[in-house]
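J.: sequence and predicted structure below; questions after.
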Amino acid sequence: MNSLAYEFTSAQRRVLDRYVTFLGSLHPTFNGIPLVFERRRKNGHQLAVLSRDSRLENARFNERYLQEFWGRTGEALLLCGAYFEDLETFTGESLEITGKTSRNEPIGQVDFRQYSLSRSPIWKLFPPTNVPDLIHELALRFYELRAVVRQLKYTVVEVYEESFGLKSVFRSAMDHRSCNCHIEPTVAQELFGEPATTPVWDFNYSSRDPSVKAAEYKADIAALFSGFAAVNSQMGLFIEELYQRIDGVCNELLQAKGASRLGELNFKLAATLEGASECVALMNHFEVWLRK
């Protein structure tokens with residue numbers, strides 16, 4: 001595996017962290033907008049109103065999805081490692097059995113109880129009665145891993161697609177007029193006018209002027225959306241590659257299930273094990289980056 005083709009940077013990890021923080025800050029920031037309108041009204045201006053946008057609700061869900069994403073990736077890595085060990089042990093035992101018998105030994109004459117997998121306390125479908133059943137069990141375990149990775153993929157896709165709606169909601173709200181009698185100050189400018197409504201954000205502003213802060217805040221969030229779109233897209237491609245490789249392992253195991261002799265089985269298992277080891281390497285590479 002060429003890990004450089006899938007390299008993620010600490011800067012990209014920082015983008016993810018900041019995007020999660022931003023999602024969590026959206027509702028407190030938007031809760032300050034009615035206070036801005038009321039403050040302007042008390043100062044003699046015509047009351048402005050901002051319609052509630054249902055897309056804002058996605059922020060809470062997406063924040064939770066991304067927070068849980070790190071944990072679910074770690075769980076997927078543990079599952080991947082466990083099933084790889086099952087396959088590795090099975091492959092090694094198959095070679096040992098071949099050494100005691102012959103490469104030409106028919107699979108139907110091999111006692112499946114010689115494999116430690118036959119003593120597993122848990123089965124995806126039913127207890128095995130022969131070697132092909134054991135191989136089928138291995139395939140089912142990797143199918144389970146594939147389903148877990150598919151859920152990771154769906155999370156990435158969903159959060160990415162909904163980020164466009166959130167971007168539109170945020171930009172529209174920040175540029176909204178703070179009263180119905182003047183174009184400015186905008187909502188963003190007025191939010192920074194008082195500490196009680198100032199958005200909580202990790203940014204070093206160049207000035208205390210509310211207008212300057214508002215402009216820099218909007219520019220930084222716009223850059224954050226762009227950065228998130230880029231890293232999310234790379235994550236999506238990475239997970240898709242991982243998914244396809246796991247799917248390949250599943251298919252190779254099903255093919256190995258049809259082997260008629262031990263020599264043929266060993267040959268197929270060796271190729272399958274190599275593919276599975278690449279899946280573990282990819283999963284570990286991804287999970288290590290997320291833990292930074």
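T.: Happy to help now that I have it. Computed from a predicted structure; not experimentally measured. Residues are numbered from 1 along each chain as shown.

J.: and the spatially most central residue of the chain, what element?
T.: The residue lying closest to the centre of the chain (Cα atoms, centre = their mean) is Leu152, at 4.5 Å. Applying DSSP states H and E as the criterion places Leu152 in helix 131-174.

J.: could you give the mean pLDDT of that helix?
T.: Averaged over helix 131-174, pLDDT sits at 96.

J.: for it, name the packing helices and strands.
T.: Contact analysis of helix 131-174 by 3 or more Cβ pairs under 8 Å, 6 or more residues apart in numbering; DSSP states H and E lists helix 10-31, helix 58-100, helix 187-191, helix 210-256, helix 262-290 as its packing neighbours. Backbone N, C-alpha and C define where each C-beta goes, glycine included.

J.: what are the C-alpha coordinates of the shortest one, in CSV please?
T.: Listed in CSV are the C-alpha atoms of helix 187-191, where the atom choice follows Å, rounded to 0.1, in the frame of the first residue of the first chain:
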residue,chain,number,x,y,z
VAL,A,187,-26.8,41.1,11.6
ALA,A,188,-23.2,40.0,11.7
GLN,A,189,-22.0,43.6,12.4
GLU,A,190,-24.6,44.1,15.1
LEU,A,191,-23.8,40.7,16.7
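
J.: okay, buried residues for it please.
T.: By neighbour count on 16 or more other Cβ atoms under 10 Å, the buried set for helix 187-191 is 187-191.

J.: what separates the residue lying closest to Leu26 once chain neighbours are set aside from Tyr160, distance-wise?
T.: Excluding the flanking residues, the one nearest Leu26 by Cβ to Cβ, 6 or more residues apart in numbering is Ala59, at 4.4 Å. As judged by Cβ to Cβ, to the nearest Å, Ala59 and Tyr160 stand 14 Å apart.

J.: out of those two, which sits in the busier spot?
T.: Ala59 (22 against 17; other Cβ atoms under 10 Å).

J.: quick one, what contacts that one?
T.: With contact taken as Cβ atoms under 8 Å, 6 or more residues apart in numbering, Ala59 is in contact with 23-24, 26-27, 166.

J.: repeat for Glu137
T.: 117, 120, 123-125, 128.

J.: any low-confidence regions in the stretch 1-150 of the chain?
T.: Residues of the stretch 1-150 of the chain that meet the criterion pLDDT under 70 lie in 1-6.

J.: returning to that earlier point: out of the helices and strands packed on helix 131-174, indicate the one that is most buried.
T.: Of these, the one with the most neighbours on average (mean count of other Cβ atoms under 10 Å) is helix 187-191, at a mean of 25.

J.: quick one: list the elements packing against that one.
T.: Where contact means 3+ Cβ pairs under 8 Å, 6+ apart, helix 187-191 is packed against helix 33-42, helix 131-174, helix 210-256.

J.: residues in contact with it?
T.: By Cβ under 8 Å, 6+ apart, the list of residues contacting helix 187-191 reads 29, 32-33, 36, 39-40, 50, 173-178, 197-199, 210-211, 214-215, 217-218.

J.: what do you get if the cut-off is 10 Å, keeping everything else the same?
T.: 29-30, 32-33, 35-37, 39-40, 48, 50, 170-179, 184-185, 197-199, 209-215, 217-218, 221 (Cβ atoms under 10 Å, 6 or more residues apart in numbering).

J.: again with stretch 274-282
T.: 1, 3, 6, 77, 80-81, 83-88, 91, 138, 142, 145-146, 149, 238-239, 241-243, 245-246, 248-253, 269.

J.: the same query, at a cut-off of 7 Å, please.
T.: Identification of contacts with stretch 274-282 by Cβ atoms under 7 Å, 6 or more residues apart in numbering yields 1, 6, 80-81, 84, 87, 242, 245-246, 248-249, 252.
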